[in-house]
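# Quick one, fold the following:
(one chain, ligands or ions: 1)
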Amino acid sequence: MQTGPSNLPSPMLDSPFMHPAIPRLLDLQTVDHHLVALRADLDTFPKRIREADLKLNGARAALAAAKEAHVNGLKERKKFELDVDQWKERARKYRDQSGAVKTNEAYKALQHEIANAEAEMAKAEDRQLEIMMAAEDVERRVKNSEANLKQAEQSVAVERKDIETQQAAKKKEFDAALAEREHALAPIPEDMRILYDRIAKRHNGTALALARDGQCRGCGMRVLPHIIQLLVQDTNDEEVYRCESCGLILYSLEPVVPHNLDADPSHAASSASTSS
Ligand SMILES: [Zn+2]
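Coordinates of the predicted model:
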């Protein structure tokens, strides 16, 4: 039976091959990663609320357009009312004059003008009627747009409230994680805190990297064999070791010498002799 990596003698917490601050720092890093994720989540809320509000823009624009159409309709109606009056007045004048004309031709010309004015008057009346009929549609449009906007406002209010509830819950989770951080921080000596903070600040909340297979898992660069050896064998509590490339604090979960030294038989002998 093969055992997977998950069956390794697990937590690092009781590994004798590890600087005693490392497990505490890993706890702190776990909390910090959680905080980074929570902060990123929290940052999305203002945008989500803005986006919900933006949904009203369409309904607002539709209402504004309907109202404008309504105003324009009234203006147009007024204009054709004036046209009707003007043509009516002109036809009346020509009719008054027709009693005083002397020649047949002049009479005919007047009759022609009267017919023309009446035709224009009829045209303006038709337009007026069309506009009045259209005005009913426009008024309906205004009413519908008002109802749509009201409905949209209600649904956006519900959505907003939902987002705000989620936001409050996330904030609570964030505050709990902050308290958890204080707790994780407590057992860590001050010099380690300072080092951790300095590194974590530069790496978005990450200060430690696993060293495995001769590699820093933070940046993928090679870790010098003697550093690996120190990580897995050193019982000295004074120092932590950092990746030369990315600067993260290295730790190892495997109290064995890495594979690149396995092939060296002389090494196997020497490590056996120093283990006593
Ligand atoms: Zn590295």
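# going on from the longest strand along the chain, what's the next piece of helix or strand?
Scanning the chain for the longest strand, with DSSP state E as the assignment, gives strand 208-212. Downstream of strand 208-212, the first helix or strand assigned by DSSP states H and E is strand 215-216.
# can you point me to the longest helix in the chain?
The longest helix of the chain (DSSP state H) is helix 104-185.
# And it, how far out from the chain middle?
28 Å (C-alpha atoms, centre = their mean, to the nearest Å).
# Quick one: list the elements packing against it.
helix 21-98 (3 or more C-beta pairs under 8 Å, 6 or more residues apart in numbering; DSSP states H and E). Placement of C-beta: from N, CA and C, glycine included.
# Next one, pLDDT for residue 9 please.
We note a pLDDT of 39 for residue 9 in this prediction.
# Next: the one 10 residues further on.
At residue 19 the predicted local distance difference test score is 80.
# Now do the phi/psi pair for it.
With angles defined as degrees, to the nearest 10, residue 19 sits at phi -60, psi 130.
# Help me confirm that it comes into contact with residue 242.
No. Residue 19 lies out of contact with residue 242 (C-beta atoms under 8 Å); the separation is 11.6 Å.
# of these two, who's got more company?
Comparing residue 19 with residue 242 by other C-beta atoms under 10 Å, the one with more neighbours is residue 19, at 23 against 20.
# If you count neighbours, what's buried in stretch 210-226?
Within stretch 210-226, the residues scored as buried using 16 or more other C-beta atoms under 10 Å are 210, 211, 212, 215, 216, 217, 218, 219, 222, 223.
# now, the most widely separated pair of these?
Maximum pairwise distance in the buried residues of stretch 210-226, criterion C-beta to C-beta, is 14.1 Å, between 210 and 222.
# so where's the stretch 1-150 of the chain shaky on pLDDT?
1-17 (pLDDT under 70).
# near the ion, which residues of it show up?
Within the stretch 1-150 of the chain, no position lies close to the ion (C-beta under 5 Å from the ion).
# Relative to the ion, which residue of the stretch 1-150 of the chain is the closest?
residue 29 (14.6 Å; C-beta to the ion).
# Quick check: that residue touching residue 203?
No. When contacts are counted by C-beta under 8 Å, residue 29 is not listed as touching residue 203 (10.0 Å).
# who has more neighbours, those two?
residue 29 (22 against 16).
# quick one, what contacts residue 97?
residue 110 (C-beta atoms under 8 Å, 6 or more residues apart in numbering).
# Tell me which residues touch the residue nearest to residue 98 when sequence neighbours are not counted, please.
Excluding the flanking residues, the one nearest residue 98 by C-beta to C-beta, 6 or more residues apart in numbering is residue 110, at 4.8 Å. Listed by C-beta under 8 Å, 6+ apart, the contact partners of residue 110 are 94, 97, 98, 101.
# Return a PyMOL selection command for the buried portion of the residues you listed.
A single PyMOL command selects the buried members of the contacts of residue 110 (16+ other C-beta under 10 Å):
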select buried, resi 94
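# quick one: contacts for residue 121?
Contacts of residue 121 by C-beta under 8 Å, 6+ apart are 83, 84, 87, 88, 91.
# Apply 7 Å and report the result again.
By C-beta atoms under 7 Å, 6 or more residues apart in numbering, the contact list for residue 121 reads 84, 87, 88, 91.
# ok, so what distance separates it from residue 170?
The gap separating residue 121 from residue 170 is 71 Å, by C-beta to C-beta, to the nearest Å.
# in the helix or strand containing residue 198, what's buried?
Assigned by DSSP H and E, residue 198 belongs to helix 190-202. Using 16+ other C-beta under 10 Å as the test for burial, helix 190-202 gives 192, 195, 196, 199, 200.
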